[in-house]
Structures are given as structure tokens and as C-alpha cells.
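Student: predicted structure and sequence below. I'll ask about it afterward.
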Amino acid sequence: MSIIRQATMTGAEGIVHSLEIEGISKVFCVPGESYLPVLDAIYETNSIDLISTRHESGASFMAEGYAKATRKPGVVMATRGVGAANLSIGVHTAFQDSTPMVVFLGQVDSHFLGREGFQEVDLVQFFKPIAKWSVEITHASRVPELVQRAFRIAQSGRPGPVIVSLPEDMLKQEAHLVFSNPVNRPAPSPSHQEINSVAACLQEGKRPLIIAGGGIKSAYAEDELLAFAEKYQIPVMAAFRRHDVFPNNHELYVGHLGLGTNAEVLETVRQADAIIALGTRLSEVTTQDYSIISNKQTLIHIDIDASILGSVFPPEIGIVADMKAALSALLKLELPSYSRDWANTRRRHYEKASHLELKVDQELIDNSQVMAHLQKALPEDAILTNDAGNFASWLHTFYQFRKKRTYIGPTSGAMGYGMPAALGAKLAFPGKTVVSLSGDGGFMMTIQELETAVRYQIPIISIVFNNQMYGTIRMHQEIHFPNRISGTELGTVQFSQLAKSMGADGFFVNSMADFKYVFNKALKNNRPTVIEVPMDKEQITISRTITQLRTR
């Protein structure tokens, strides 16, 4: 171990110094008395910005979005059981989305533990099912060791959230603390034998397909993926909500595997005779309820986490490796390129399914035309985030992500995610345009973070598609229980006026002309902005109306 500093300090001071060593510059929180010493130690440093939010769920979503944007651990803090419970949705999102996050939670005084003290929850056990690791620091002297371990676990292997519980008395204890160098993220390489087995396997197929997931993004391996696909002319599909893993306008990109994916796009997976799954856990959504991959296909699965391999589909070849290292090794293979006929055919099906034109003379506003204008008006490096909801299918189907690191969405399907995640992304990249897309149901869940955006002058643009219902649930309700509406109707909310009341800009648009004018104005204003778009209640999905669902 290389010691870089040792000194006598409190547990709270040791935590903040550990954050500085790890290069953490942003910490998100709702303040609480249980960890006031940590807040005070942050006050003493100039290297960490504290972002105080209006609700712990918003804080955790911001940290998760910030981590997705930077690919570095997001750090969030909250108090004891009540704050911890509120932010748990962000922990679950980070767990399912493989996002590195370190969560510091104030805990009751260690002398009171086990007595059901004020707001006491066994935080280690509470988070155990949805965190990579949970630990309670009981002695100040162990702060450097355990905090560094938390950062190592959060980033190593499949990234994810780690929970650190901080008993209040420990934060005030003084101890001799020994600090070492910051964590280096391990990047294991495949063996020569494994790479040769992939080569032998690929020579047998005629219709290979790459399914690329978040592991590509975590490893900064987008360029290697592009080079690999181009070298052998293999078509690429993006796993659920990993759109920006491969340029969507590239001739080898053949679609996104998500909710409501076009049937012809899904047919690409079914027709492939060899599937190369890279950095994806082949989730329920990506594989359409585990239905589109069969034992008649050859599966080559490469992931940094051994537990992923074979967890849903047994691979012909399973390799544990970092995606950048794996693709770098695969690029050294000398295989003949595949016929372009296969890739060209599947690309044409994707282009047909995603084709959309901006209609110059259209007055009536609709979601498709909103997407067409976003495609035209936004710079290619703009970052888009989205909430959960049916409105997102228009984004997933029609918007093309042409640059890496331009999309942030919750594979966990968490509502309320889009706008706070956009705040985190904007703080990560202040110079980029950041736009969030939400439905009225999800936006209302974290709308209070608009005040955070105003207070910290974080100029994001939030587009709210308002159909006064929980649209996704209503869709399923009409499929399984047609004409029996129960719990899915919502009331009228004037989101544009709510935005104005918090000091943001707010607009309600009735036509495409209005939307174009307001959106272009928002791009120039450099202020937090909400644009409310009325959504046709009848048009519940891209391809179905409520009436059509009822009559199926």
C-alpha cells in the first residue's frame, strides 16, 4: 500500500478527505442532523460542491445521472432511515443500470443501535438486496480503508451502488488516519485461448449480430466497438436504453431492443445465427421477455461480471473481461468480413421503422413531430434523458443518437427520473445542451427539483408530455381489462405555471409552430425551462389507440 497522507482528524473529516483523494467534485444531498459533521467538513473544502436538493429521491437520481454522464461514481448523502428510504429508488436504479454510486447515510449514535432509536433502521440489511455492498463504519480509524473499499467495489466488475452507514458518534471521533492512493478500476483482458475460440466460432456463422450494452459505455469502448463492427461488417443493436453505444446513423446500426420495438427490428435478432452479446445482461426487456434468443443460435457472451454469464441464456462461449480490453483483442483477429447483404437488409428494416420527416406545414402538435424537431434543432452532442412512460417510445423509435455519451435513461423503469438525471448530467457537462423528456405522471413525482435547478442555476430544458393519465399502466389496463378504468386517470396540472412559480421559465404549447418557437428560444435563454406539450389521450402508443386496444 502506498501511503499518501496520515494525520489525526475526525471521522467526518476523514470521509471528506477520502472523497477528495478519489477526485469527487460533486456531492448531492438532503441535509440531516445525523451527519452534520460531514456537511461541516465539506464547508471547509473548496474542492467539493455540495448540491442540496428538495427530496432524497431527487438527490439520488441526480447522483445517478451524474455518474452515467461522467462514468465516475456519483456520491449522495441522506439521513438515517427516513432519508435512506426516500433515496432507495435511486439505489435500485443504480443497481439495475450498473451505475457506480457511493451512498453515505447518517445513522443513530452507536450507543443507541438496536434500541429502535429515532429514525433507526438497520441500513446494512435494508439495502443488502439492492446494493453491491453495505457497510457500517464503527471506528473512525477505519474510515480511509472502508471508504476506499466502497469506491473500489462501486467501480470494479459490474459497477453499482455501495452503502456506507455513518453512526453519529463515529463522525466526531478523532483518530490517526492513514490514506492511500485512489482506486484504479480493474480492466481484465481475455486470454489468447478465449479469443481464438471466438474466432473459430465466428467463422461458422453467416448472419452474426452484436447486442451492445452498458458495459461498452462503462469501459469507454465505443470506439473499439465501432472499429470491430466495421472491420468484420457485423450489424449492431443497442440493448435497452443504451442507444448511444453505437452511432444510430451508421450503416451497421440496426435498432434498439426496448419496449414497443418494431416487429421487423426484433426479427433481426431471431434471424441471426450468431449473437455476440457485449457488456449486456440480456435483460427481460432487451430480450423481449427472454423470448427472441433460442438454443438454435450460437451465443458468445462477454461481460466483466462472471455471474452474468449463463444467468439467463447458456453461452457457447462465455468470457469475463473488460469491454475495451476484449474488443481490442478481437480487433487483432484476422477473419474475412461478412457479406454486407445481411447487414444491409436489416438496416433497411430499421430505417423503415424509424423514418420520420419534419412536416413544415403541420399545425397540430404530436409527439412524432416533436421528435423530428429535436433531431433538427439539437446539436449532435446534446444529452437527452427520459423518464419512464409510454411517451418515451417516440424518443426510442424516432430520435437518432449519433454521438457517444448523449443518452441517459433508466433501465430500471423508475418514474421521476428524467428531470433530476438531467440536472446531474448538466452539472457534469455545463457546456452541453441537456434536455429531459417526461410524462405528466413521472414529472410530478420529482417536480420539486425545479427549485434546485433555479437555486443552482442549472439550465436544462424539460419537455413534459401531458395526457392526464398514467399512460403505460392505462395501456396495460386496456389490454387486460378493457373499458375498466381504475386508478389511472389524473387531474389537471399546469406545469408551465408551476415552473414559473419556482423561478423557472414555463410554456404551454398548442401547436408545432408554438413548440418550435419556444424550444428554439429555450436553447438560447440559458435558464431552467419547462415546455408542456398536450398529448392526445387516445393515442396511447405509437401504433395503437385506446379504442384499438379495446377492440383487439
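Tutor: That came through fine.
Student: distance between the lengthiest helix in the chain and the chain's centre?
Tutor: The longest helix of the chain (DSSP state H) is helix 80-97. From the chain centre to the centre of helix 80-97 is a distance of 14 Å (C-alpha atoms, centre = their mean, to the nearest Å).
Student: continuing past that helix, what's the next helix or strand?
Tutor: Per DSSP states H and E, the first helix or strand lying C-terminal to helix 80-97 is strand 101-107.
Student: could you tell me which strands that next one is paired with, and in which direction each runs?
Tutor: strand 74-79 (parallel), strand 161-167 (parallel) (DSSP bridges).
Student: who touches the next helix or strand after it?
Tutor: Per DSSP H and E, the first helix or strand lying C-terminal to strand 101-107 is helix 123-127. Helix 123-127 is contacted from outside by 81, 84-85, 88, 91, 103, 105, 107, 134-136, 161, 163, 165, using C-beta atoms under 8 Å, 6 or more residues apart in numbering. Where C-beta positions appear, they are placed from N, C-alpha and C, glycine not excepted.
Student: which of the strands paired with strand 101-107 is buried the deepest?
Tutor: Stretch with highest mean neighbour count among those: strand 74-79 (a mean of 29; mean count of other C-beta atoms under 10 Å).
Student: report the angle between it and helix 80-97.
Tutor: 160 degrees (axes from the mean of the first three to the mean of the last three C-alpha atoms, to 10 degrees).
Student: so what touches strand 74-79?
Tutor: Contacts for strand 74-79 (C-beta under 8 Å, 6+ apart): 19, 24, 26-35, 38, 56, 59-60, 62-67, 84, 86-87, 90, 94, 99-106, 119, 424.
Student: one more: stretch 373-386?
Tutor: 65, 69, 356, 358, 392, 395, 398-403, 405-410, 417-419, 421-422, 425-426, 429, 432-438, 512, 515-516, 519-520, 523.
Student: buried ones in it?
Tutor: By 16 or more other C-beta atoms under 10 Å, the buried positions in stretch 373-386 come out as 373-374, 377-378, 382-386.
Student: got a list of what residue 515 touches?
Tutor: Residue 515 touches 365, 369-370, 373, 509, 531, 533, counting by C-beta under 8 Å, 6+ apart.
Student: now it: which helix or strand?
Tutor: With DSSP H and E as the test, residue 515 turns up in helix 512-525.
Student: confidence score at the nearest residue to residue 181 once chain neighbours are set aside?
Tutor: Nearest non-adjacent residue to residue 181, counting by C-beta to C-beta, 6 or more residues apart in numbering: residue 2, 5.0 Å away. Per-residue confidence (pLDDT) for residue 2: 73.
Student: what's around residue 2, how many residues?
Tutor: 6 (other C-beta atoms under 10 Å).
Student: which SS class is the closest residue to residue 425 other than its chain neighbours?
Tutor: Nearest non-adjacent residue to residue 425, counting by C-beta to C-beta, 6+ apart: residue 69, 4.2 Å away. Taking DSSP: H, G, I helix; E, B strand; the rest coil as the rule, one finds residue 69 in the helix state.
Student: who touches residue 69 in this structure?
Tutor: 383, 405, 408, 424-425, 428-429 are the contacts of residue 69 under C-beta under 8 Å, 6+ apart.
Student: just residue 168 next, same as before
Tutor: 34-35, 106-110.
Student: phi first, then psi, for residue 259.
Tutor: phi -80, psi 130 (degrees, to the nearest 10).
Student: just to check, it is in contact with residue 394?
Tutor: No - here residue 259 does not reach residue 394: they are 11.7 Å apart, not a contact under C-beta atoms under 8 Å.
Student: neighbour count winner among those two?
Tutor: residue 394 (24 against 17).
Student: that one contacts residue 372, correct?
Tutor: No - with contact defined as C-beta under 8 Å, residue 394 does not count as touching residue 372 (10.0 Å).
Student: what distance separates stretch 5-22 from the centre of its chain?
Tutor: With C-alpha atoms, centre = their mean, you get 30 Å for stretch 5-22.
Student: buried sites along that stretch?
Tutor: Buried, per 16+ other C-beta under 10 Å, within stretch 5-22: 9-19, 21-22.
Student: tell me the two of those residues that are most distant?
Tutor: The largest separation in the buried residues of stretch 5-22, counting by C-beta to C-beta, is between 10 and 22 at 18.7 Å.
Student: residues in contact with residue 202?
Tutor: Residue 202 neighbours (C-beta under 8 Å, 6+ apart): 208, 232, 274, 276, 300, 335.
Student: could you do residue 121 as well?
Tutor: With C-beta under 8 Å, 6+ apart, residue 121 has these contacts: 80-81, 84-85.
Student: run the last query once more with 6 Å
Tutor: residue 81 (C-beta atoms under 6 Å, 6 or more residues apart in numbering).
Student: what's the distance between it and residue 105?
Tutor: Applying C-beta to C-beta, to the nearest Å, the value for residue 121 to residue 105 is 9 Å.
Student: hang on, the earlier thing: could I get the contacts of residue 168 as CSV with neighbour count, pLDDT and distance to residue 242?
Tutor: Output for the contacts of residue 168, formatted as CSV (neighbours: other C-beta atoms under 10 Å; pLDDT from 0 to 100; distance: C-beta to C-beta, whole Å):
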residue, neighbour count, pLDDT, distance to residue 242
34, 23, 94, 37
35, 26, 95, 35
106, 27, 96, 35
107, 31, 91, 36
108, 23, 82, 40
109, 16, 83, 44
110, 16, 80, 42
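Student: so of those, which two are at opposite extremes in space?
Tutor: So, these by C-beta to C-beta: farthest apart are 35 and 110, at 13.8 Å.
Student: relative to the whole chain's centre, how far out is stretch 177-190?
Tutor: Taking mean C-alpha positions (C-alpha atoms, centre = their mean), stretch 177-190 and its chain are 24 Å apart.
Student: now that stretch: buried residues?
Tutor: For stretch 177-190, by 16+ other C-beta under 10 Å, it's 177-180, 183, 185, 187, 190.
Student: which one of those is nearest residue 245?
Tutor: Among the buried residues of stretch 177-190, residue 187 lies closest to residue 245 (C-beta to C-beta), at 17.8 Å.
Student: just the pLDDT at the residue lying closest to that closest one once chain neighbours are set aside, thanks.
Tutor: Nearest non-adjacent residue to residue 187, counting by C-beta to C-beta, 6+ apart: residue 322, 3.8 Å away. We have a pLDDT of 97 for residue 322.
Student: who's in contact with residue 322?
Tutor: 187-188, 219, 304.
Student: with residue 328 instead?
Tutor: So residue 328 contacts residue 224 (C-beta under 6 Å, 6+ apart).
Student: next one: residue 30
Tutor: Residues in contact with residue 30 (C-beta under 6 Å, 6+ apart) are 53, 56, 59, 78, 83.
Student: okay, it and residue 457: tell me how far apart.
Tutor: In terms of C-beta to C-beta, residue 30 sits 20 Å off from residue 457.
Student: again, but for residue 195
Tutor: On the measure of C-beta to C-beta, residue 195 and residue 457 end up 50 Å apart.
Student: bridged to residue 107, which residues?
Tutor: According to DSSP bridges, beta-bridge pairing links residue 107 with residue 167.
Student: wait, it touches residue 167, no?
Tutor: Yes - using C-beta atoms under 6 Å, residue 107 makes contact with residue 167 at a distance of 4.7 Å.
Student: so where's the stretch 351-500 of the chain uncertain?
Tutor: For the stretch 351-500 of the chain, applying pLDDT under 70 flags no range at all.
Student: what about the helices in it?
Tutor: 367-377, 392-398, 418-428, 440-445, 449-455, 471-480, 495-501 (DSSP state H, counting those that start in this stretch).
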